[in-house]
Every structure is written in structure tokens, then in C-alpha cells.
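Asks: Build me a structure from this.
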Amino acid sequence: MSVETHPADSITDEVSTWLTGEFASMLPASDITAIVRSARTDLEGQIVPEAMGEMLHRLARFRVLRTLERS
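Replies: Coordinates of the predicted model:
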């Protein structure tokens, strides 16, 4: 996934789409989107912009998995 050159909203949408495709059978798409948006907010200003795509994907995927473990 190469998202580092996309605008912020595009990165968030791409990661949401990617993770929804991976976890849709286990978690509603709206929950996945909320997790990605929350992760995006947490990362904003904390990392270099060029790393946002990869770091957002990693953090959001971790949080999705953690959510599934709690279910």
C-alpha cells in the first residue's frame, strides 16, 4: 500500500477500505472507519507526514485486532 503521497483524507479512506476488506466479516465497516479516524487523530502531529500511511495502517490494524480480542 503506497499512501504517503496522498492527501490526509485520502490516506484515511484508503486505510479504512483496506482494513474493511480484511475484517468486514468480523466487525462492521462503521466500527473500522471509526477506529481508523481515531488512530489518525492520535498520530497527527506525532510523526513525519511521509510516514502517515504506513503508521496509520499499522496502528489502526492493531486497534481492530484488539477490539476483536475483546469481543
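
Asks: How far does the host helix or strand of residue 12 sit from its chain's centre?
Replies: Secondary structure assignment for residue 12, by DSSP states H and E: helix 8-23. Here the centre of helix 8-23 is set off from its chain's centre by 6 Å, with CA atoms, centre = their mean, to the nearest Å.

Asks: same check, this time on stretch 51-66
Replies: On the basis of CA atoms, centre = their mean, stretch 51-66 sits 5 Å off its chain's mean C-alpha point.

Asks: ok so, going back, with just CA atoms, put whichever helix or strand comes after the helix holding residue 12 into CSV.
Replies: The helix or strand immediately downstream of helix 8-23 is helix 29-43, counting by DSSP H and E. In CSV, the C-alpha atoms belonging to helix 29-43 read as follows (Å, rounded to 0.1, in the frame of the first residue of the first chain):
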residue,chain,number,x,y,z
ALA,A,29,-17.4,-1.2,8.5
SER,A,30,-18.6,1.8,10.5
ASP,A,31,-16.6,0.5,13.5
ILE,A,32,-13.5,0.0,11.4
THR,A,33,-13.8,3.5,10.0
ALA,A,34,-14.2,5.0,13.5
ILE,A,35,-11.0,3.1,14.6
VAL,A,36,-9.1,4.4,11.6
ARG,A,37,-10.2,8.0,12.2
SER,A,38,-9.3,7.8,15.9
ALA,A,39,-5.9,6.4,15.1
ARG,A,40,-5.4,9.2,12.5
THR,A,41,-6.2,11.8,15.2
ASP,A,42,-3.8,10.3,17.6
LEU,A,43,-1.0,10.2,15.0
